[in-house]
Structure formats: structure tokens, C-alpha cells
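Participant: I'll drop the sequence and a predicted model, then ask my questions.
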Amino acid sequence: MELLTLVDYAHHSFSKPVKSIALPEDINSKWDKSQALHDLLSFICYLNEAVRNKKLTDPCPLSETVEGLLELLKTMDVWLDEIPPLDQPQRYGNKAFRDWFKKVQENAVELVKKALDEKYNNAIDEISVYLVESIGNPIRIDYGTGHELAFVAFLCCCYKIGALGVEDAQAAVCKVFHNYIELMRKVQMTYRLEPAGSQGVWNLDDYQFIPFIWGSAQLIDHKQLRPKSFLDLDICNTFAKDYMFFGCIQYINKVKSGPFAEHSNQLWNISGVPSWAKVNQGLIKMYRAEVLSKFPVIQHFLFGSLLKISPV
């Protein structure tokens, strides 16, 4: 991937990621100029192009690394089944989430080590931090777009060390990322996680954003499906298995009640856009402005030797 600077993993000096954004003004002075932001945006846009006109169910090559990452997510899913929610009075924030989080946190290094070839062992301590960051916050028992960004960072790091390559782009989205999203929806439902920093009806979704970006890319130039199509419940349910965007809408319809225009106003507006290409371009701009430029999200991001705070 020419858009990212690959590192020589055998001789690179890895470091455990740390927080570097402490004040709102750091967004303009540090984050906006950082190598990390440049790499993440390049990575998101690269994968966006890789899944253009591609279904989730389309065949694609599965490398050993992709297979390993899928197995990693499957293991986390099994642990989720083994740690049921506690019987507690409050509706949201089931404390059993903390037990599942601890299980993943304590085993993250081994999980990633098992998923990647042993030649990448030097990078495991740094990369595994992003995996732990991607599953929510155990203190607040919440999950949001900052955690989702951490999983994208995890995949980006796998690319930067060369564990994932250009040939893995489609599978990285349609298999690995999609399985991560499915896992986190199950976590949300099981432990009733609070949305982290939700903007309510003015955001796309209480928890996630990137599936809408890559999901709209999948639908560019589709001969039958239009942006207005996702308002049709039957169409949505029929195509949810093929397209991430429809899967997102299906999930919203499952967890929210009432008129769609009221509980998901932003998406209702998007349904009026004439083409998926315009939806896709608009969502990338919106993500840059509403997620990647927001201090409440970026203050939690961690910087290491692969995703650096230093200027690009």
C-alpha cells in the first residue's frame, strides 16, 4: 500500500501507545498535523475504494493473516457467550461487560500473537493496545466512534508492518471489519452499553460511523438500489447480508422504535441524496468534521511508533 509508510518490523523500535491530546487546542496544533491522522484518513479512503461495488458475500482471497484475525474475533465472541449479563436493576451498563473486557484485555497480546505470523512478534505489544481500545470503556461501560476508530487503527497498524497487504483490502472490510461490527453489536445488546458521546438523532448512529462510509461505497453505481431504498424495510432486510449500509439500517430498525425520520433524522436526510457516490463523498467529509475533529473523541486516541503524533 503506497499510501502508507511501511516499517521494517524486524529493526523498528516499537513503543506502547500513549495519550497525547490533552486540551481542545491540541486538535488544531497537534492532531490535525499528525502523521497518525494522515495515515488513518489515507487508510480509510483506500479501503473505501477497495470495496466499491463489492458485496459482503462476494468471494475474495483470505490470507493467513485475515484468517487469523477472523479467528481472533471468533474467540472474543465465544468469551462473550461464556460471560452472560448480570441480573441487575438498571437497564443500561451491565457490569458483566467489565468481566468480558478484562478477559480480552488480559489475553490481547496472545490473541494478536496467534493471529499474526511470529515474525511480527516485536510489534504485538503496540498493536494489541488498539484491539483493547476498540471494544469499549470498562469504567463507563460505553462504546462509540472513538472505539470504532481504534479498530481501524488496529487494522492500519497491521498494514504498516506488512502483516496485511494490498491483496487483503476487500477482506479487511468485508470479512474482518464486518465481523468486528457484528461482534460489537452483540456486545451492545448483551451488556446494554451506553453510547459514548452520542449526538442522538443528529448523528448517523449512536455507536458507529465507518460502516456507513464503506457500506455506501459498496453501493456506488448499483443498478437497482438507490439511497432512498434503505427506507423500505423489506428491501433493507433482503440486502442486509450483502451490503453493510443496509445492515446498519436493519440494526437501527431493530433497536429503535417510532418514525424513522424522528429517531434517525440525519439518515432520513441522506435518503434524499440522488446517488451513492454523493452519499459516500458526503459521509467522508462528515466523518472528518464530526468524528475526527472532535476533542471528546480524539482525546482518548493513543499514539505510538506506528501511528505517530509527530507532524506529517
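Facilitator: Now that the structure is in, tell me what you want to look at. Residues are numbered from 1 along each chain as shown.

Participant: distance-wise, check L307 relative to L37.
Facilitator: The gap separating L307 from L37 is 9 Å, by CB to CB, to the nearest Å. Heads up, the C-betas are built off the backbone N, CA and C, glycines and all.

Participant: quick one: which of these two has more around it?
Facilitator: A direct count of neighbours by other CB atoms under 10 Å for L307 and L37 places L307 higher, at 24 against 21.

Participant: for the residue minimising distance to the centre of the chain, list the residues it contacts.
Facilitator: By CA atoms, centre = their mean, the chain has its centre lying nearest to E148, at 3.5 Å. By CB atoms under 8 Å, 6 or more residues apart in numbering, the contact list for E148 reads 134, 184, 207-210.

Participant: now, which of these sits nearest G258?
Facilitator: For those, the minimum distance to G258 (CB to CB) is 18.4 Å, reached by Y207.

Participant: quick one: secondary structure of that closest one?
Facilitator: Following DSSP: H, G, I helix; E, B strand; the rest coil, Y207 is assigned to coil.

Participant: and it, how far from P195?
Facilitator: 6 Å.

Participant: phi and psi next, for I284.
Facilitator: Dihedral angles of I284 (phi, psi; degrees, to the nearest 10) stand at phi -60, psi -40.

Participant: so where does the closest residue to it other than its chain neighbours fall, helix or strand?
Facilitator: Leaving aside its sequence neighbours, I284 sits nearest to I213 (CB to CB, 6 or more residues apart in numbering; 6.0 Å). Secondary structure assignment for I213, by DSSP states H and E: helix 210-218.

Participant: just the residues contacting that helix, thanks.
Facilitator: Contact with helix 210-218 is made by 44, 47-49, 51-56, 145, 148-149, 152, 173, 177-178, 181, 204-205, 243-248, 276, 279-280, 283-284, 287, as judged by CB under 8 Å, 6+ apart.

Participant: quick check on those: which are buried?
Facilitator: The neighbour-count test (16 or more other CB atoms under 10 Å) applied to the contacts of helix 210-218 identifies 44, 47-48, 51-52, 54-56, 145, 148-149, 152, 173, 177-178, 181, 204-205, 243-248, 276, 279-280, 283-284, 287 as buried.

Participant: pLDDT below threshold where in the chain?
Facilitator: Applying pLDDT under 70 to the chain picks out residues 1-3, 197-203.

Participant: tell me where it has strands.
Facilitator: Ranges of strands in the chain, per DSSP state E, are 18-19, 142-143, 194-195, 302-303.

Participant: just these: most buried one?
Facilitator: For the strands of the chain, the largest average neighbour count (mean count of other CB atoms under 10 Å) is found in strand 142-143, namely a mean of 23.

Participant: other SSEs contacting that strand?
Facilitator: Under the contact definition 3 or more CB pairs under 8 Å, 6 or more residues apart in numbering; DSSP states H and E, strand 142-143 sits against helix 178-191, strand 194-195.

Participant: need those in CSV (columns: distance to E71).
Facilitator: Supplementary listing: the helices and strands packed on strand 142-143 in CSV, determined by distance: least, CB to CB, whole Å:
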stretch, distance to E71
helix 178-191, 10
strand 194-195, 29
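
Participant: test my guess that D168 contacts V66.
Facilitator: Yes: using CB atoms under 8 Å, D168 makes contact with V66 at a distance of 5.6 Å.

Participant: so for these two, which residue has more residues nearby?
Facilitator: Per other CB under 10 Å, whichever of D168 and V66 has more neighbours is D168, with 25 against 22.

Participant: check contacts around that one.
Facilitator: If a contact means CB under 8 Å, 6+ apart, then D168 has 61, 63, 65-66 as its contacts.
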